[in-house]
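Novice: Here's my sequence, what's the structure:
(chains A and B)
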Amino acid sequence: MKITIKRYTSEPQIKEAFLEYEIALENPTLLEALTYIKTKLDASLSFASGCRSSVCGSCSMRVNQKEVLACAYKVQERDVVEPLNNVPVIRDLVVDMEKSYATLSHAKAWLANTKSECNVSQEEVHRNEVQSDCILCGSCYSACPVHAVNGDFLGPFALTRVWRYVSDAREEAEAEKIATIQTNGVWDCTLCNNCTLVCPQNISSKADIEKLRSVSARHGFMDPAFGSFGGFGGGFGFDGSPSF
Amino acid sequence: MKSDVLIIGAGGAGLSAALAAHEAGAKVRILTKNYPTRSQTSMAQGGINAALGNAGEDSVEAHIANTLKSAAGLANEEAVRFMCEAAPEAIAWLDNIGVCFSRTEEGKIAQRTLGGASAPRACYAQDYTGLKILHTLYDQVLACGIEILSERYLLNIITNNDAHAKPYACGAAVLNIRTGEAEVYESASVIIATGGYARLYHKHSTNAVGSTGDGIAAAIRAGARLSDMEFVQFHPTALKNSSILISESARGAGGHLLNSKGERFVNELLPRDQVARAINEQIQSGEEVFLDIRHLGEAFIDRELPQERKLAKLYENVDPVHDLIPIKPVAHYTMGGIKVDNASQTKLKGLFAAGECANHKVHGANRLGGNSLLELVVFGKQAGQNAAAHAKKFEKPIDSAAALVSAENFINGVKYRFTNQIDFYQKREFTGNIFYNNAGIARDEMGLKAVLGAVRQMQKELPFMGVADKSKTYNTNLVEFIEFGNMLELSEIVLVCAISRNESRGAHYRTDIPHANDIAYKAHTITWKEDGVLCADFME
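Specialist: Numbers count the residues shown, from 1 in each chain, chains lettered A, B, ... in the order given. From the prediction side, this is the model:
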């Protein structure tokens, strides 16, 4: 079976190439195929891996333009393997996650003030059960088109994590959490749903962002794009006649 | 910039230590060879023990008794008592910082029974317990603004000598994986929280590829002592072809073990060592062994064991709702580690250890399921507090210049002086295979000595191994080779300990001496280095 891998190095100067490899394995996962290449064919191939069981989030990459976890993807003939998008490539399939992970700090995605003596019902657990399955693989970040135009966008996984805490029965500081995500946050999302389609943990950041928008509205925030119309009486009258 | 507390490793123990040291007012810096959320802790599924009694009657005394029984005489009762008594408070703390535990109908934290436990004691979050604890700790570390430096690979602990020529730890030398440069980080206290060494067994291990014992190897080189390194826990149920873990909760919930004839052959809820041996005996006699959870029903499996279903489908092409799951026991957890006192401090002043890399004498010869996540939190916090206290009183000078030069020379030596005529990837796989066969679930003197001979030969051959890739940027070929060097160093120690312990106890099962000998061996196997030479002795 043949697969193609996008190689990238910065030493001694930047060089990119699509290289083809013959994999002598039967029905391997992509991670098994990459390990085979590294240990048998070409020790210089660089990629990250960890648990082999889809919980550590190390081996996210793109196959035929779609984000996958290498450990959970079965290789198909002629697959083209590339690194994640929207994050700097360090080498081959290894990317630098620092800036994307920094969105978690910018979004203050943590439990801020815990209610004392708080029991959590089974129903309340279900509110953020799936969201707290996130493994920070960055697939959604890579698939998000907003990052291509706004590098400061908090992005899908950080906003999902904000929802995970906003929806938590133990969180007392809902207002503060919501205020933090108004700029470069919930309103910048185009609701394109790419994040949902690539998430290996079946999380829909788009749905979480919609929920955060409605909580935001409850706290008196509104879509700044809507606000920029200037409200009623701006460009349009209500008598039906255009003002131009 | 010098830190008060330098933590190496960012799994559950490292992050718990970081939060505790930060709370004690220390300036904390965390180094990890991955990113924090990629740590081994993410893989823990079953649960975290605490005698809360939320799902049935339980007591701290019962938790202690179960732990001591499983430990087969090698646990320290005082340490076990400390951990078990601290457990309810540890769970309350995790609940307080937002871990999404599963709940009972009354809204209390849900608990289930794991092997060797007399009551439903393991608090869990579906089968993502470790993942959810790790990520919640990470979120809190970010909230505290604690410095994390990712993709730094530990080379050595830096030591200086005081006026009486007594060494103390004062930092770490690392390889910055991204740049390929050696770096030194000075610190008043150092905590090792780098995890275990189950990857000695290579593909016969449930562990992530990073569980190569780097911190333990660095600790013994720096002058710390190790304890009970021969004790390696084999998890009874890993997928047969990929060694992917199927959580103990599958048996806790009523799963059966069957042989090829469809017969049950062991009580599935016995401690892990006994179940693993029973399975191994079946396999040695030519049987295949399967885990059967079909009778639990699809709804239950999807609610309580969703990961298991997904992984069985992916790796074995079977659906546990309808099919038997082919399994075998593989290396899962290493009880041995850096010897620490009741303050989590090692023999080397200023060096602390917590988590799987440490030996707090709470697991003894065999760890009880659900006690490792507990250990991370309880002893992680203890190490963090004590390291912070040590740093407050620390007034010695730190000189890391020699350590930096030595690290640079080491990296260049490995890259350019080692000849790469022998393929270390092949040797790594070979080591894993002979460890699994001869130093695994069942051992005997002849087999162990044969492996020791092979390991010592490979140690001599290391200069003829090396790396094909000479790049600086993100050279995983280099990192994996240094990991292999650490594993060979630890392999020798595990084997020497296993050969010295002429008895069977807990996870150390000698087919040539299948009984315990309390008079000679109810003691800890302590190892250390003198001028680079390995020494071993049994001590109380």
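Novice: Give the other helices and strands that the longest helix belonging to chain A contacts.
Specialist: Counting residues, the longest helix in chain A under DSSP state H turns out to be helix A:205-218. For helix A:205-218, the elements it packs on are helix A:156-166, helix A:174-180, helix A:194-198, judged by 3 or more C-beta pairs under 8 Å, 6 or more residues apart in numbering or on different chains; DSSP states H and E. In this view, the C-beta of every residue, glycine as well, is placed from N, C-alpha and C.
Novice: quick one: average pLDDT of whichever helix or strand comes after that helix?
Specialist: Using DSSP states H and E, the helix or strand that follows helix A:205-218 in sequence is helix A:224-227. Mean pLDDT, helix A:224-227: 74.
Novice: So which bits of helix A:224-227 are buried?
Specialist: By 16 or more other C-beta atoms under 10 Å in any protein chain shown, helix A:224-227 has no buried positions at all.
Novice: Which residue is most remote from the mean position of chain B?
Specialist: Distance from the C-alpha centroid of chain B peaks at B:A163, with 36.0 Å (C-alpha atoms, centre = their mean).
Novice: For that one, list the residues it contacts.
Specialist: Contacts for B:A163 (C-beta atoms under 8 Å, 6 or more residues apart in numbering or on different chains) come out as none.
Novice: Apart from its chain neighbours, what residue comes closest to residue 180?
Specialist: As the question left the chain open, I've gone with chain A. Excluding its sequence neighbours, the residue lying closest to A:T180 (C-beta to C-beta, 6 or more residues apart in numbering or on different chains) is A:K108, at 4.9 Å.
Novice: I was after chain B.
Specialist: Nearest one to B:G180, counting by C-beta to C-beta, 6+ apart, is B:K472 at 2.9 Å.
Novice: Contact partners for residue 94?
Specialist: Picked chain A for this. Counted by C-beta under 8 Å, 6+ apart, A:V94 has contacts A:46-48, A:83, B:474, B:476.
Novice: Can you look at chain B instead?
Specialist: Applying C-beta under 8 Å, 6+ apart, we find B:L94 in contact with B:48, B:101, B:133, B:136, B:377.
Novice: mind redoing it with 10 Å?
Specialist: B:16, B:48, B:50, B:101, B:109, B:123, B:125, B:132-133, B:136-137, B:373, B:377 (C-beta atoms under 10 Å, 6 or more residues apart in numbering or on different chains).
Novice: what does A:T196 give?
Specialist: A:T196 sits next to A:140, A:143, A:156, A:202-208 when contact means C-beta under 10 Å, 6+ apart.
Novice: Work out the gap between the helix or strand of chain A with the lowest mean pLDDT and the centre of the chain.
Specialist: Ranking every helix and strand in chain A by mean pLDDT, DSSP states H and E puts helix A:224-227 at the bottom, with a mean of 74. Distance of helix A:224-227 from its chain centroid, counting by C-alpha atoms, centre = their mean, to the nearest Å, is 25 Å.
Novice: Name the residues that touch that helix?
Specialist: A:182-183, A:187-188, A:221.
Novice: buried sites along the helix with the most length in chain B?
Specialist: Counting residues, the longest helix found in chain B (DSSP H) is helix B:476-500. Using 16+ other C-beta under 10 Å as the test for burial, helix B:476-500 gives B:476-499.
Novice: still on that earlier bit, quick one: buried ones out of the contacts of A:T196?
Specialist: Using 16+ other C-beta under 10 Å as the burial test, the contacts of A:T196 include A:140, A:143, A:156, A:203-208 as buried.
Novice: Go ahead and flag the most central residue of chain B.
Specialist: Nearest to the geometric centre of chain B sits B:G196, at 2.9 Å (C-alpha atoms, centre = their mean).
Novice: Please tell me how far that one sits from B:E287.
Specialist: Going from B:G196 to B:E287 by C-beta to C-beta, to the nearest Å gives 30 Å.
Novice: Next: B:Y315.
Specialist: 21 Å.
Novice: Neighbour count: these two, which is higher?
Specialist: Taking neighbours as other C-beta atoms under 10 Å in any protein chain shown, B:Y315 and B:E287 compare with B:Y315 leading, 20 against 16.
Novice: May I see the buried residues of the one helix or strand that one maps to?
Specialist: Per DSSP H and E, B:Y315 falls inside helix B:306-316. The neighbour-count check on helix B:306-316 (16+ other C-beta under 10 Å) flags B:307-309, B:311-312, B:314-316 as buried.
Novice: average pLDDT across the strand or helix carrying B:N66?
Specialist: Applying DSSP H and E as the criterion places B:N66 in helix B:60-71. Average pLDDT, helix B:60-71: 97.
Novice: what do you get for stretch B:350-364?
Specialist: 98.
Novice: Figure out how far that stretch is from the centre of its chain.
Specialist: In terms of C-alpha atoms, centre = their mean, the centre of stretch B:350-364 is set 10 Å apart from its chain centre.
Novice: same deal with stretch A:70-80?
Specialist: Worked out by C-alpha atoms, centre = their mean, stretch A:70-80 lies 21 Å from the chain centre.
Novice: next helix or strand past the helix or strand bottoming out on mean pLDDT in chain B?
Specialist: Across the helices and strands of chain B, mean pLDDT, DSSP H and E gives its lowest value to helix B:249-252, namely a mean of 84. Of the helices and strands lying after helix B:249-252 in sequence (DSSP H and E), the nearest is strand B:256-259.
Novice: buried ones in that following strand?
Specialist: In strand B:256-259, the ones that count as buried by 16+ other C-beta under 10 Å are B:256-259.
Novice: Pull up the gap between the one residue in the stretch 201-350 of chain B that gets nearest to chain A and A:V68, please.
Specialist: Closest contact between the stretch 201-350 of chain B and chain A, by C-beta to the nearest C-beta, is at B:A208 (4.4 Å). Noted for B:A208: a distance of 19 Å to A:V68, by C-beta to C-beta.
Novice: Between those two, point out the one with more neighbours.
Specialist: Shown here are B:A208 and A:V68; by other C-beta under 10 Å, B:A208 has more neighbours (26 against 22).
Novice: and the more buried one, helix, strand or coil?
Specialist: With DSSP: H, G, I helix; E, B strand; the rest coil as the basis, the three-state label of B:A208 is coil.
Novice: wait, what's in contact with it?
Specialist: A:49-53, A:55-56, A:58, B:11, B:34, B:38-43, B:195, B:198-199.
Novice: Mind doing that once more with 7 Å?
Specialist: Applying C-beta atoms under 7 Å, 6 or more residues apart in numbering or on different chains to B:A208 gives the contacts A:50-51, A:56, B:40, B:43.
Novice: just A:L45 next, same as before
Specialist: A:L45 sits next to A:34, A:37-38, A:92 when contact means C-beta under 7 Å, 6+ apart.
Novice: Got phi/psi on it?
Specialist: Dihedral pair for A:L45: phi -60, psi 130, per degrees, to the nearest 10.
Novice: pLDDT score for it?
Specialist: 98.
Novice: same deal with the one 4 residues further on?
Specialist: Predicted confidence (pLDDT) at A:S49: the value is 98.
Novice: for it, helix, strand, or coil?
Specialist: Recorded secondary structure, A:S49: coil (three-state DSSP).
Novice: between the contacts of A:V94, which is nearest B:A24?
Specialist: Each of those was scored against B:A24 by C-beta to C-beta, and A:A48 proved nearest at 33.5 Å.
Novice: Thanks a lot, catch you later.
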